[in-house]
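Colleague: predicted structure and sequence below. I'll ask about it afterward.
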Amino acid sequence: MATAISPLPLTTEDASSENSSFYDYYYLDEVAFLLCRKDDVLSFSRVFLPVFYSLIFVLGLTGNLLLLVVLLRYVPCRRMTEVYLLNLAISNLLFVVTLPFWGISVAWHWVFGSFLCKMMSTLYTINFYSGIFFISCMSLDKYLEIVHAQPLHRLRTRAKSLLLAAIVWAVALAISIPDMVFVQIHENPKGVWNCYADFGGHGTIWKLFLRFQQNLLGFLLPLLTMIFFYSRIGCVLVKLKPPGQGRALRVAASLVLAFFLLWFPYNLTLFLHSLLDLHIFGDCQVSHHLDYALQVTESLAFLHCCFTPVLYAFSSRRFRRYLKAFLAAMLRRRLAPGTAQASLSNCSESSRLTNQEEMTDMKDPGERQTEGAINKGTEGNSSA
(Lines give C-alpha, C1' and ligand atoms only; values in the text may rest on other atoms or scores of the structure.)
Protein backbone atom coordinates (compact mmCIF):
# COMPACT_ATOMS: atom_id res chain seq x y z
CA MET A 1 0.00 0.00 0.00
CA ALA A 2 1.28 3.44 -0.88
CA THR A 3 2.04 5.58 2.12
CA ALA A 4 0.63 8.87 0.92
CA ILE A 5 0.62 11.81 3.32
CA SER A 6 1.95 11.24 6.77
CA PRO A 7 -0.78 11.58 9.39
CA LEU A 8 -0.26 14.39 11.78
CA PRO A 9 -0.46 13.77 15.52
CA LEU A 10 -2.43 16.55 17.18
CA THR A 11 -2.35 15.98 20.92
CA THR A 12 -1.91 13.10 23.33
CA GLU A 13 -5.67 12.83 23.80
CA ASP A 14 -6.44 12.90 20.07
CA ALA A 15 -3.81 10.59 18.66
CA SER A 16 -6.23 8.36 16.78
CA SER A 17 -7.51 11.15 14.53
CA GLU A 18 -4.01 11.72 13.26
CA ASN A 19 -4.29 11.30 9.51
CA SER A 20 -3.96 14.59 7.69
CA SER A 21 -4.62 13.07 4.30
CA PHE A 22 -6.14 9.66 4.27
CA TYR A 23 -4.71 6.42 5.56
CA ASP A 24 -1.03 6.52 6.34
CA TYR A 25 0.09 5.53 9.81
CA TYR A 26 2.26 7.67 12.00
CA TYR A 27 2.77 5.77 15.25
CA LEU A 28 5.04 7.61 17.65
CA ASP A 29 5.59 7.02 21.33
CA GLU A 30 3.80 9.05 24.00
CA VAL A 31 6.79 11.32 24.54
CA ALA A 32 6.69 12.40 20.90
CA PHE A 33 3.00 13.26 21.20
CA LEU A 34 3.64 15.27 24.34
CA LEU A 35 6.51 17.23 22.84
CA CYS A 36 5.46 17.68 19.23
CA ARG A 37 2.12 19.23 18.31
CA LYS A 38 1.43 19.61 14.60
CA ASP A 39 -1.61 21.86 14.36
CA ASP A 40 0.20 24.14 11.90
CA VAL A 41 1.00 21.25 9.55
CA LEU A 42 -2.61 20.10 9.71
CA SER A 43 -3.85 23.59 8.89
CA PHE A 44 -1.53 23.73 5.90
CA SER A 45 -2.74 20.36 4.60
CA ARG A 46 -6.42 21.38 4.84
CA VAL A 47 -5.77 24.14 2.31
CA PHE A 48 -2.93 22.82 0.14
CA LEU A 49 -3.99 19.22 -0.44
CA PRO A 50 -7.62 19.75 -1.55
CA VAL A 51 -6.53 22.46 -4.00
CA PHE A 52 -3.72 20.38 -5.47
CA TYR A 53 -5.80 17.20 -5.59
CA SER A 54 -8.51 19.09 -7.47
CA LEU A 55 -5.97 20.34 -10.01
CA ILE A 56 -4.54 16.84 -10.55
CA PHE A 57 -8.05 15.40 -10.85
CA VAL A 58 -9.05 17.85 -13.60
CA LEU A 59 -5.79 17.54 -15.57
CA GLY A 60 -5.50 13.78 -15.14
CA LEU A 61 -9.13 13.08 -16.01
CA THR A 62 -9.03 15.24 -19.14
CA GLY A 63 -5.70 14.01 -20.48
CA ASN A 64 -6.23 10.31 -19.82
CA LEU A 65 -9.80 10.32 -21.14
CA LEU A 66 -8.56 11.89 -24.38
CA LEU A 67 -5.78 9.32 -24.60
CA LEU A 68 -8.20 6.48 -23.92
CA VAL A 69 -10.70 7.62 -26.56
CA VAL A 70 -8.02 7.99 -29.23
CA LEU A 71 -6.51 4.58 -28.50
CA LEU A 72 -9.86 2.79 -28.45
CA ARG A 73 -11.41 4.49 -31.46
CA TYR A 74 -8.60 5.28 -33.86
CA VAL A 75 -6.03 2.56 -33.21
CA PRO A 76 -7.84 -0.63 -34.26
CA CYS A 77 -4.69 -2.80 -34.43
CA ARG A 78 -2.84 -1.85 -31.29
CA ARG A 79 0.81 -2.70 -30.99
CA MET A 80 2.35 -3.89 -27.74
CA THR A 81 3.40 -0.42 -26.61
CA GLU A 82 -0.11 0.87 -27.25
CA VAL A 83 -1.58 -1.98 -25.20
CA TYR A 84 0.55 -0.86 -22.26
CA LEU A 85 -0.31 2.79 -22.91
CA LEU A 86 -4.00 1.90 -22.92
CA ASN A 87 -3.64 0.14 -19.56
CA LEU A 88 -1.65 3.09 -18.21
CA ALA A 89 -4.48 5.45 -19.16
CA ILE A 90 -7.04 3.21 -17.42
CA SER A 91 -4.83 2.98 -14.33
CA ASN A 92 -4.40 6.75 -14.17
CA LEU A 93 -8.12 7.35 -14.60
CA LEU A 94 -8.95 5.04 -11.70
CA PHE A 95 -6.22 6.70 -9.63
CA VAL A 96 -7.40 10.28 -10.12
CA VAL A 97 -11.00 9.26 -9.38
CA THR A 98 -9.94 8.60 -5.76
CA LEU A 99 -8.43 12.06 -5.24
CA PRO A 100 -11.69 14.02 -4.69
CA PHE A 101 -12.57 11.63 -1.86
CA TRP A 102 -9.23 12.23 -0.13
CA GLY A 103 -9.45 15.97 -0.73
CA ILE A 104 -12.85 16.14 1.01
CA SER A 105 -11.50 13.93 3.80
CA VAL A 106 -8.62 16.34 4.42
CA ALA A 107 -10.71 19.50 4.25
CA TRP A 108 -13.53 18.10 6.40
CA HIS A 109 -13.58 14.43 7.40
CA TRP A 110 -14.47 11.04 5.88
CA VAL A 111 -18.20 11.20 5.09
CA PHE A 112 -18.47 8.33 2.59
CA GLY A 113 -18.90 5.31 4.86
CA SER A 114 -16.98 2.11 5.47
CA PHE A 115 -17.40 0.46 2.05
CA LEU A 116 -16.05 3.43 0.09
CA CYS A 117 -13.25 3.78 2.61
CA LYS A 118 -11.96 0.30 1.75
CA MET A 119 -12.76 0.67 -1.94
CA MET A 120 -11.01 4.00 -2.44
CA SER A 121 -7.98 2.89 -0.44
CA THR A 122 -7.68 -0.29 -2.50
CA LEU A 123 -8.17 1.55 -5.80
CA TYR A 124 -5.56 4.10 -4.80
CA THR A 125 -2.93 1.44 -4.09
CA ILE A 126 -3.69 -0.78 -7.11
CA ASN A 127 -3.45 2.08 -9.57
CA PHE A 128 -0.57 3.79 -7.79
CA TYR A 129 1.61 0.74 -8.45
CA SER A 130 0.13 -0.43 -11.75
CA GLY A 131 0.78 2.97 -13.34
CA ILE A 132 4.47 2.76 -12.45
CA PHE A 133 4.68 -0.88 -13.56
CA PHE A 134 3.16 -0.13 -16.98
CA ILE A 135 5.79 2.58 -17.51
CA SER A 136 8.42 -0.12 -16.95
CA CYS A 137 6.59 -2.42 -19.38
CA MET A 138 6.76 0.21 -22.11
CA SER A 139 10.51 0.59 -21.63
CA LEU A 140 10.84 -3.21 -21.85
CA ASP A 141 8.81 -3.31 -25.06
CA LYS A 142 10.88 -0.57 -26.70
CA TYR A 143 14.04 -2.42 -25.62
CA LEU A 144 12.86 -5.64 -27.29
CA GLU A 145 11.78 -3.73 -30.38
CA ILE A 146 15.14 -2.03 -30.94
CA VAL A 147 17.86 -4.05 -29.20
CA HIS A 148 16.38 -7.49 -29.94
CA ALA A 149 14.87 -6.74 -33.32
CA GLN A 150 15.66 -10.15 -34.87
CA PRO A 151 13.54 -12.32 -32.51
CA LEU A 152 10.69 -9.81 -32.73
CA HIS A 153 7.90 -12.29 -33.41
CA ARG A 154 9.03 -14.63 -30.64
CA LEU A 155 9.50 -12.07 -27.86
CA ARG A 156 6.90 -9.43 -28.74
CA THR A 157 3.49 -10.90 -29.42
CA ARG A 158 0.09 -9.50 -28.60
CA ALA A 159 -0.75 -12.51 -26.44
CA LYS A 160 2.40 -12.06 -24.36
CA SER A 161 1.81 -8.34 -23.96
CA LEU A 162 -1.72 -9.04 -22.71
CA LEU A 163 -0.34 -11.68 -20.35
CA LEU A 164 2.23 -9.24 -18.97
CA ALA A 165 -0.49 -6.61 -18.50
CA ALA A 166 -2.58 -9.15 -16.57
CA ILE A 167 0.43 -9.96 -14.38
CA VAL A 168 0.92 -6.25 -13.63
CA TRP A 169 -2.70 -5.90 -12.49
CA ALA A 170 -2.40 -9.08 -10.40
CA VAL A 171 0.76 -7.88 -8.65
CA ALA A 172 -0.77 -4.46 -7.95
CA LEU A 173 -3.86 -6.20 -6.56
CA ALA A 174 -1.69 -8.35 -4.29
CA ILE A 175 0.11 -5.26 -2.97
CA SER A 176 -3.28 -3.74 -2.05
CA ILE A 177 -4.25 -6.64 0.25
CA PRO A 178 -3.36 -4.68 3.44
CA ASP A 179 -5.87 -2.03 2.37
CA MET A 180 -8.59 -4.63 1.91
CA VAL A 181 -7.90 -6.18 5.31
CA PHE A 182 -6.90 -3.35 7.65
CA VAL A 183 -8.36 -0.10 6.30
CA GLN A 184 -11.54 1.00 8.06
CA ILE A 185 -13.26 4.12 9.35
CA HIS A 186 -12.60 5.45 12.84
CA GLU A 187 -14.66 7.94 14.84
CA ASN A 188 -12.59 10.30 16.96
CA PRO A 189 -13.73 12.72 18.27
CA LYS A 190 -17.43 11.96 18.22
CA GLY A 191 -19.00 12.70 14.85
CA VAL A 192 -15.65 13.03 13.05
CA TRP A 193 -14.71 10.02 10.91
CA ASN A 194 -11.34 9.16 9.40
CA CYS A 195 -10.35 6.45 6.90
CA TYR A 196 -7.04 4.72 7.56
CA ALA A 197 -5.56 1.32 8.36
CA ASP A 198 -5.41 0.04 11.91
CA PHE A 199 -2.68 -2.55 12.45
CA GLY A 200 -3.14 -2.69 16.20
CA GLY A 201 0.09 -3.07 18.13
CA HIS A 202 2.15 -3.71 14.98
CA GLY A 203 1.55 -0.32 13.42
CA THR A 204 5.16 0.86 13.41
CA ILE A 205 6.45 -2.35 11.81
CA TRP A 206 3.77 -2.26 9.11
CA LYS A 207 4.35 1.41 8.41
CA LEU A 208 8.10 0.91 7.92
CA PHE A 209 7.53 -2.20 5.80
CA LEU A 210 5.07 -0.43 3.50
CA ARG A 211 7.30 2.59 3.08
CA PHE A 212 10.37 0.50 2.20
CA GLN A 213 8.16 -1.53 -0.15
CA GLN A 214 7.15 1.67 -1.91
CA ASN A 215 10.78 2.85 -2.11
CA LEU A 216 11.77 -0.46 -3.68
CA LEU A 217 8.83 -1.46 -5.91
CA GLY A 218 7.48 2.02 -6.61
CA PHE A 219 10.74 3.78 -7.40
CA LEU A 220 14.13 2.06 -7.21
CA LEU A 221 13.44 -1.06 -9.29
CA PRO A 222 11.41 0.77 -12.00
CA LEU A 223 14.09 3.48 -12.23
CA LEU A 224 16.91 0.93 -12.60
CA THR A 225 14.82 -0.94 -15.17
CA MET A 226 14.30 2.20 -17.24
CA ILE A 227 17.96 3.20 -17.00
CA PHE A 228 19.10 -0.24 -18.16
CA PHE A 229 16.64 -0.56 -21.05
CA TYR A 230 17.00 2.99 -22.36
CA SER A 231 20.79 2.98 -22.04
CA ARG A 232 20.93 -0.20 -24.13
CA ILE A 233 18.58 1.41 -26.65
CA GLY A 234 20.80 4.48 -26.75
CA CYS A 235 23.91 2.37 -27.43
CA VAL A 236 22.20 0.63 -30.36
CA LEU A 237 20.95 3.89 -31.85
CA VAL A 238 24.37 5.55 -31.56
CA LYS A 239 26.01 2.54 -33.19
CA LEU A 240 23.56 2.14 -36.10
CA LYS A 241 22.76 5.86 -36.60
CA PRO A 242 19.24 5.33 -38.01
CA PRO A 243 17.14 8.29 -39.27
CA GLY A 244 15.66 10.15 -36.31
CA GLN A 245 18.40 8.98 -33.94
CA GLY A 246 18.75 12.34 -32.18
CA ARG A 247 15.04 12.65 -31.50
CA ALA A 248 14.81 9.08 -30.21
CA LEU A 249 17.70 9.66 -27.80
CA ARG A 250 16.11 12.87 -26.52
CA VAL A 251 12.78 11.09 -25.96
CA ALA A 252 14.48 8.26 -24.05
CA ALA A 253 16.40 10.71 -21.86
CA SER A 254 13.29 12.80 -21.18
CA LEU A 255 11.28 9.74 -20.11
CA VAL A 256 13.89 8.66 -17.57
CA LEU A 257 14.45 12.22 -16.34
CA ALA A 258 10.71 12.87 -15.92
CA PHE A 259 10.28 9.70 -13.86
CA PHE A 260 13.25 10.59 -11.65
CA LEU A 261 12.23 14.22 -11.08
CA LEU A 262 8.65 13.33 -10.20
CA TRP A 263 9.33 10.40 -7.89
CA PHE A 264 12.77 10.89 -6.30
CA PRO A 265 11.86 13.78 -3.92
CA TYR A 266 8.81 11.89 -2.61
CA ASN A 267 10.66 8.62 -2.08
CA LEU A 268 13.60 10.38 -0.45
CA THR A 269 11.21 12.09 1.98
CA LEU A 270 9.54 8.76 2.75
CA PHE A 271 12.94 7.22 3.46
CA LEU A 272 13.92 10.07 5.78
CA HIS A 273 10.58 9.71 7.57
CA SER A 274 11.37 6.04 8.16
CA LEU A 275 14.76 6.94 9.62
CA LEU A 276 13.01 9.46 11.87
CA ASP A 277 10.57 6.80 13.08
CA LEU A 278 13.51 4.50 13.84
CA HIS A 279 14.98 7.32 16.00
CA ILE A 280 18.16 7.38 13.90
CA PHE A 281 18.03 11.17 13.70
CA GLY A 282 15.69 14.10 14.08
CA ASP A 283 13.58 15.97 16.57
CA CYS A 284 10.22 17.75 16.58
CA GLN A 285 11.37 20.48 14.21
CA VAL A 286 12.75 17.95 11.75
CA SER A 287 9.48 16.04 11.96
CA HIS A 288 7.57 19.22 11.09
CA HIS A 289 9.78 19.88 8.07
CA LEU A 290 9.41 16.31 6.83
CA ASP A 291 5.63 16.48 7.18
CA TYR A 292 5.53 19.60 5.03
CA ALA A 293 7.95 18.04 2.53
CA LEU A 294 5.92 14.83 2.36
CA GLN A 295 2.74 16.68 1.44
CA VAL A 296 4.43 18.78 -1.25
CA THR A 297 6.55 16.00 -2.79
CA GLU A 298 3.66 13.53 -2.80
CA SER A 299 1.44 16.02 -4.60
CA LEU A 300 4.15 16.67 -7.17
CA ALA A 301 4.62 12.91 -7.66
CA PHE A 302 0.90 12.57 -8.36
CA LEU A 303 1.44 14.76 -11.42
CA HIS A 304 2.81 11.63 -13.11
CA CYS A 305 -0.77 10.64 -13.97
CA CYS A 306 -1.14 13.94 -15.87
CA PHE A 307 2.20 14.29 -17.65
CA THR A 308 3.55 10.77 -18.19
CA PRO A 309 0.81 9.48 -20.57
CA VAL A 310 1.11 12.67 -22.63
CA LEU A 311 4.89 12.33 -22.78
CA TYR A 312 4.70 8.71 -23.92
CA ALA A 313 1.88 9.33 -26.37
CA PHE A 314 3.52 12.31 -28.06
CA SER A 315 6.81 10.47 -28.37
CA SER A 316 5.08 8.48 -31.15
CA ARG A 317 4.41 10.09 -34.52
CA ARG A 318 1.78 7.43 -35.10
CA PHE A 319 -0.22 8.57 -32.09
CA ARG A 320 0.09 12.24 -33.05
CA ARG A 321 -1.47 11.44 -36.41
CA TYR A 322 -4.37 9.65 -34.73
CA LEU A 323 -4.86 12.56 -32.36
CA LYS A 324 -5.00 15.01 -35.26
CA ALA A 325 -7.59 12.78 -36.97
CA PHE A 326 -9.68 12.69 -33.79
CA LEU A 327 -9.55 16.47 -33.26
CA ALA A 328 -10.35 17.09 -36.93
CA ALA A 329 -13.38 14.79 -36.70
CA MET A 330 -14.61 16.54 -33.55
CA LEU A 331 -14.18 19.95 -35.18
CA ARG A 332 -16.06 18.91 -38.31
CA ARG A 333 -18.86 17.42 -36.25
CA ARG A 334 -19.18 20.60 -34.22
CA LEU A 335 -19.19 22.87 -37.27
CA ALA A 336 -21.48 20.67 -39.40
CA PRO A 337 -23.61 18.27 -37.30
CA GLY A 338 -25.36 16.99 -40.40
CA THR A 339 -22.11 15.61 -41.79
CA ALA A 340 -21.18 13.51 -38.78
CA GLN A 341 -21.20 10.26 -40.74
CA ALA A 342 -18.97 11.76 -43.40
CA SER A 343 -16.59 12.91 -40.70
CA LEU A 344 -16.29 9.42 -39.30
CA SER A 345 -15.66 8.08 -42.80
CA ASN A 346 -12.99 10.68 -43.44
CA CYS A 347 -11.43 9.89 -40.09
CA SER A 348 -11.27 6.19 -40.93
CA GLU A 349 -9.67 7.05 -44.25
CA SER A 350 -7.18 9.27 -42.42
CA SER A 351 -6.30 6.36 -40.15
CA ARG A 352 -5.70 4.11 -43.15
CA LEU A 353 -3.50 6.73 -44.77
CA THR A 354 -1.62 7.15 -41.52
CA ASN A 355 -0.90 3.43 -41.40
CA GLN A 356 0.44 3.58 -44.94
CA GLU A 357 2.68 6.52 -44.06
CA GLU A 358 3.96 4.68 -41.01
CA MET A 359 4.95 1.81 -43.32
CA THR A 360 7.01 4.14 -45.52
CA ASP A 361 8.70 7.29 -44.26
CA MET A 362 7.09 7.96 -40.85
CA LYS A 363 8.45 5.02 -38.88
CA ASP A 364 10.03 5.55 -35.49
CA PRO A 365 13.72 4.58 -35.18
CA GLY A 366 12.73 1.36 -33.40
CA GLU A 367 10.46 0.30 -36.24
CA ARG A 368 13.17 1.04 -38.82
CA GLN A 369 15.68 -0.96 -36.82
CA THR A 370 13.25 -3.88 -36.55
CA GLU A 371 12.53 -3.96 -40.26
CA GLY A 372 16.23 -3.66 -41.07
CA ALA A 373 17.07 -6.69 -38.98
CA ILE A 374 14.25 -8.72 -40.51
CA ASN A 375 15.27 -7.71 -44.04
CA LYS A 376 18.85 -8.75 -43.39
CA GLY A 377 17.67 -12.12 -42.17
CA THR A 378 15.51 -12.54 -45.30
CA GLU A 379 18.42 -11.64 -47.60
CA GLY A 380 20.68 -14.10 -45.79
CA ASN A 381 18.16 -16.91 -46.24
CA SER A 382 17.75 -16.07 -49.95
CA SER A 383 21.47 -16.12 -50.64
CA ALA A 384 21.78 -19.40 -48.79
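Modeller: All right, it came through fine.
Colleague: could I get the buried residue list for the helix or strand where residue 66 lies?
Modeller: In the assignment (DSSP states H and E), residue 66 maps to helix 39-74. Applying a neighbour-count criterion of 16 or more other CB atoms under 10 Å, one finds 41-42, 44-45, 49-50, 52-53, 56-57, 59-61, 63-64, 66-68, 70-71, 73-74 buried in helix 39-74. Quick note: C-beta positions are derived from backbone N, CA and C, even for glycine.
Colleague: ranges for the strands of the stretch 51-200 of the chain?
Modeller: 183-187, 193-197 (DSSP state E, counting those that start in this stretch).
Colleague: can you count the residues close to residue 225?
Modeller: For residue 225, the neighbour count with other CB atoms under 10 Å is 17.
Colleague: wait, what's in contact with it?
Modeller: Contacts of residue 225 were listed using CB atoms under 8 Å, 6 or more residues apart in numbering, and they are 136, 139-140.
Colleague: cool, and residue 270?
Modeller: 3, 211, 214-215, 294.
Colleague: and it, that one's in a strand?
Modeller: No: Residue 270: not assigned to a strand; according to DSSP: H, G, I helix; E, B strand; the rest coil it is helix.
Colleague: of the strands of the stretch 51-200 of the chain, which is nearest residue 109?
Modeller: strand 193-197 (5.4 Å; CB to CB).
Colleague: which residue, other than its chain neighbours, is closest to the residue nearest to the spatial centre of the chain?
Modeller: Residue closest to the average C-alpha location in the chain (CA atoms, centre = their mean): residue 131, at 3.5 Å. Excluding the flanking residues, the one nearest residue 131 by CB to CB, 6 or more residues apart in numbering is residue 91, at 4.4 Å.
Colleague: tell me the pLDDT of that neighbour.
Modeller: For residue 91, the pLDDT comes out at 96.
Colleague: what does residue 71 give?
Modeller: At residue 71, pLDDT is 85.
Colleague: just checking, residue 300 touches residue 264?
Modeller: No: the criterion here is CB atoms under 8 Å, and residue 300 misses it with residue 264 at 10.4 Å.
Colleague: ok so, going back, and the contacts of residue 270, which two are furthest apart?
Modeller: Maximum distance among the contacts of residue 270 (CB to CB): 13.3 Å, for 215 and 294.
Colleague: more neighbours, those two?
Modeller: residue 294 (25 against 19).
Colleague: okay, and the more buried one sits in which element?
Modeller: For residue 294, the host element (DSSP H and E) is helix 284-301.
Colleague: so for that helix, mean pLDDT?
Modeller: 93.
Colleague: in it, what's buried?
Modeller: Those buried within helix 284-301 under the rule 16+ other CB under 10 Å are 287-288, 290-301.
Colleague: also stretch 179-197?
Modeller: Within stretch 179-197, the residues that count as buried by 16+ other CB under 10 Å are 179, 182-183, 185-186, 193-197.
Colleague: reformat those residues as a markdown table; add pLDDT.
Modeller: Compiled in a markdown table, these are given as follows (pLDDT from 0 to 100):
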| residue | pLDDT |
| --- | --- |
| 179 | 92 |
| 182 | 93 |
| 183 | 94 |
| 185 | 93 |
| 186 | 91 |
| 193 | 92 |
| 194 | 92 |
| 195 | 95 |
| 196 | 91 |
| 197 | 90 |
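Colleague: if I look at residue 122, how far off is residue 209?
Modeller: Per CB to CB, to the nearest Å, residue 122 is found 18 Å from residue 209.
Colleague: between these two, which has more neighbouring residues?
Modeller: residue 122 (19 against 15).
Colleague: ramachandran angles for residue 303?
Modeller: Per-residue torsions, residue 303: phi -60, psi -10 (degrees, to the nearest 10).
Colleague: again with residue 176
Modeller: phi -80, psi 0.
Colleague: tell me how many other residues surround it.
Modeller: Residues within reach of residue 176, counting by other CB under 10 Å, total 23.
Colleague: once you drop chain neighbours, what's closest to it?
Modeller: Nearest non-adjacent residue to residue 176 (CB to CB, 6+ apart): residue 125, at 4.0 Å.
Colleague: can you tell me how far that neighbour is from residue 333?
Modeller: On the measure of CB to CB, residue 125 and residue 333 end up 39 Å apart.
Colleague: these two: who's more crowded?
Modeller: Neighbour tally, residue 125 and residue 333, criterion other CB under 10 Å: the higher count belongs to residue 125, 28 against 17.
Colleague: surely the more buried one meets residue 173?
Modeller: No: assessed by CB under 8 Å, residue 125 is found out of contact with residue 173, at 9.0 Å.
Colleague: return the subset of the contacts of residue 225 lying in helices.
Modeller: 136, 139-140 (DSSP state H).
Colleague: and the pLDDT for residue 204?
Modeller: Taking residue 204 on its own, its pLDDT is 85.
Colleague: what about it, which helix or strand?
Modeller: Short version, using DSSP H and E: residue 204 is in helix 203-215.
Colleague: after that helix comes which helix or strand?
Modeller: Past helix 203-215, the next helix or strand by DSSP H and E is helix 221-240.
Colleague: measure residue 135 to residue 61 for me?
Modeller: 19 Å.
Colleague: how about residue 221?
Modeller: 29 Å.
Colleague: below-threshold pLDDT in the chain: ranges please.
Modeller: 1-35, 75-78, 149-156, 336-384 (pLDDT under 70).
Colleague: doesn't residue 282 lie inside a strand?
Modeller: No: assigned with three-state DSSP, residue 282 falls outside any strand and is coil.
Colleague: skip the chain neighbours and tell me the closest residue to it.
Modeller: Nearest residue to residue 282 in three dimensions, chain neighbours excluded: residue 276, at 4.2 Å (CB to CB, 6+ apart).
Colleague: that neighbour contacts residue 290, correct?
Modeller: Yes: in this structure, residue 276 is within contact of residue 290 by CB under 8 Å, at 6.3 Å.
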